[in-house]
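1. here is my input; please provide its structure:
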Amino acid sequence: MEFCHPFKFYLSPNDNTQCKVLISVPKRNFKKAVHRNRIKRVIREALRLNGVSKLTGSHICIVYIGKETPEINSIIEKIKHVLEKAGKIGQESVDSTISPTD
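-> Residues are numbered from 1 along each chain as shown. A predicted model of the protein is given here:
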């Protein structure tokens with residue numbers, strides 16, 4: 001688990017080349033589904049713009065933990081930071097699982 005306010009994200013390596021993303025916005029913070037769905041739409045758009053397809057071989061879970069509805073530009077910048085962080089973490093976990101052959 002990693003933290004980058006207003007996101008918590010979990011990264012899980014897998015053997016598949018396709019990256020799968022789960023986006024969660026808690027009902028506790030946003031009672032109306034309209035607001036939760038808007039935040040998820042904005043996050044998906046930010047992921048699309050920043051090229052989430054570059055992260056191959058991992059599953060990502062993104063949880064929005066903020067208390068207020070975010071602006072689109074701030075979410076795009078934060079998602080870019082999250083993806084950079086996830087890429088570094090993903091690369092470290094891949095490097096640790098690869099063992100040299102004798």
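
2. low pLDDT regions in this structure?
-> 53, 88-102 (pLDDT under 70).

3. what about Asp15, how many residues nearby?
-> For Asp15, the count of nearby residues is 5 (other CB atoms under 10 Å). Any C-beta I mention is one placed from the backbone N, CA and C, and that applies to glycine too.

4. check Ile75 too.
-> 20.

5. ok, now Leu83?
-> 21.

6. export stretch 69-78 to CSV, keeping only CA atoms.
-> In CSV, the C-alpha atoms belonging to stretch 69-78 read as follows (Å, rounded to 0.1, in the frame of the first residue of the first chain):
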residue,chain,number,x,y,z
THR,A,69,-15.0,16.8,-4.9
PRO,A,70,-11.7,17.4,-6.7
GLU,A,71,-10.9,19.6,-9.7
ILE,A,72,-10.0,17.8,-12.9
ASN,A,73,-6.5,19.4,-13.3
SER,A,74,-5.5,18.5,-9.7
ILE,A,75,-6.6,14.9,-10.2
ILE,A,76,-4.6,14.7,-13.5
GLU,A,77,-1.4,15.9,-11.7
LYS,A,78,-1.9,13.6,-8.7
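
7. in a strand, that's where Val21 is, yeah?
-> Yes: judged by DSSP: H, G, I helix; E, B strand; the rest coil, Val21 forms part of a strand.

8. in three-state terms, label Phe30 for me.
-> Strictly by three-state DSSP, Phe30 counts as coil.

9. dump the residue contacts of it.
-> 36, 39, 69 (CB atoms under 8 Å, 6 or more residues apart in numbering).

10. just these now: which is nearest Pro26?
-> Using CB to CB, Arg36 is the member of the contacts of Phe30 that lies nearest Pro26, at 8.2 Å.

11. what residues does the closest one make contact with?
-> 25, 27, 30.

12. next, the last one: phi, psi?
-> Right, Phe30. phi -130, psi 100 (degrees, to the nearest 10).

13. from Arg36, how far off is it?
-> Noted for Phe30: a distance of 5 Å to Arg36, by CB to CB, to the nearest Å.
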